[in-house]
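**Q** Provided below are the primary sequence and the corresponding predicted coordinates.
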Amino acid sequence: MPSNIFFFILAVLIFIMVFSQVRNQKMKEKYAALWLIVSAVIIVLAFFPHLLGGLAEVTGVVMPVNLLFMLAIIMLIGVCLHLTLDLSRMGEDTRTLAEEVAILRAQLEQQERITPHSPLVSDEQENSPDNNQ
């Protein structure tokens, strides 16, 4: 199997998997866009492999495959940076939510100490046969 056909099939599989993940709401659109762009670039390079050679010549890279590896490494660094930023933001959001829950829990406990009758339990539930046992 020629490498062009292999990479074309690989790109189509990536596209189908990403599209399926977005459709099933397992992947957000902002992450899917990157992978759809990658699959589109792979499809273009599979049909027109001389484009990579021309781009390598323009940029001064001796071997086109070295340019491909360099672009892949740059893309992976970008993905890692983006995911690190998202992880940091989510960590901050989690900390904020934990603080808010602690404040609400403290307020609820304080309110329960002031009034022994809990507003969450109605009079009908307190007088039900299940609670009198």
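**A** Looks like it arrived, so ask away. Residues are numbered from 1 along each chain as shown.
**Q** what helix or strand is the nearest residue to residue 4 once chain neighbours are set aside on?
**A** Using Cβ to Cβ, 6 or more residues apart in numbering and skipping the chain neighbours, the partner closest in space to residue 4 is residue 46 (4.9 Å). (Each C-beta comes from the backbone N, C-alpha and C, glycine too.) With secondary structure defined by DSSP states H and E, residue 46 is part of helix 29-47.
**Q** the closest residue to residue 59 other than its chain neighbours: what's it in contact with?
**A** Closest residue in space to residue 59, ignoring its immediate chain neighbours: residue 67 at 6.4 Å, by Cβ to Cβ, 6+ apart. By Cβ atoms under 8 Å, 6 or more residues apart in numbering, the contact list for residue 67 reads 52, 55, 56, 59, 61.
**Q** of the residues you listed, which belong to helices?
**A** 52, 55, 56, 59 (DSSP state H).
**Q** for the closest residue to the first one other than its chain neighbours, give me the pLDDT.
**A** What that stands for is residue 52. Closest residue to residue 52 apart from its sequence neighbours, by Cβ to Cβ, 6+ apart: residue 64 at 4.5 Å. Per-residue confidence at residue 64 stands at 89 (pLDDT).
**Q** relative to residue 39, how far out is residue 64?
**A** Distance, residue 64 to residue 39, by Cβ to Cβ, to the nearest Å: 19 Å.
**Q** for this protein, longest helix please?
**A** Per DSSP H, the chain has its longest helix at helix 64-114.
**Q** now for the residue nearest to residue 4, how many residues are close by?
**A** 19 (other Cβ atoms under 10 Å).
**Q** check the one 4 residues further on too.
**A** As a burial measure, residue 50 scores 9 neighbours (other Cβ under 10 Å).
**Q** same check, this time on the one 5 residues further on
**A** Other residues near residue 55 come to 15 when the count uses other Cβ under 10 Å.
**Q** which non-adjacent residue is nearest it?
**A** Counting by Cβ to Cβ, 6+ apart, the residue nearest residue 55 is residue 67, at 6.3 Å.
**Q** and the pLDDT for that neighbour?
**A** The model's pLDDT for residue 67 equals 90.
**Q** I am finished for the moment; much appreciated.
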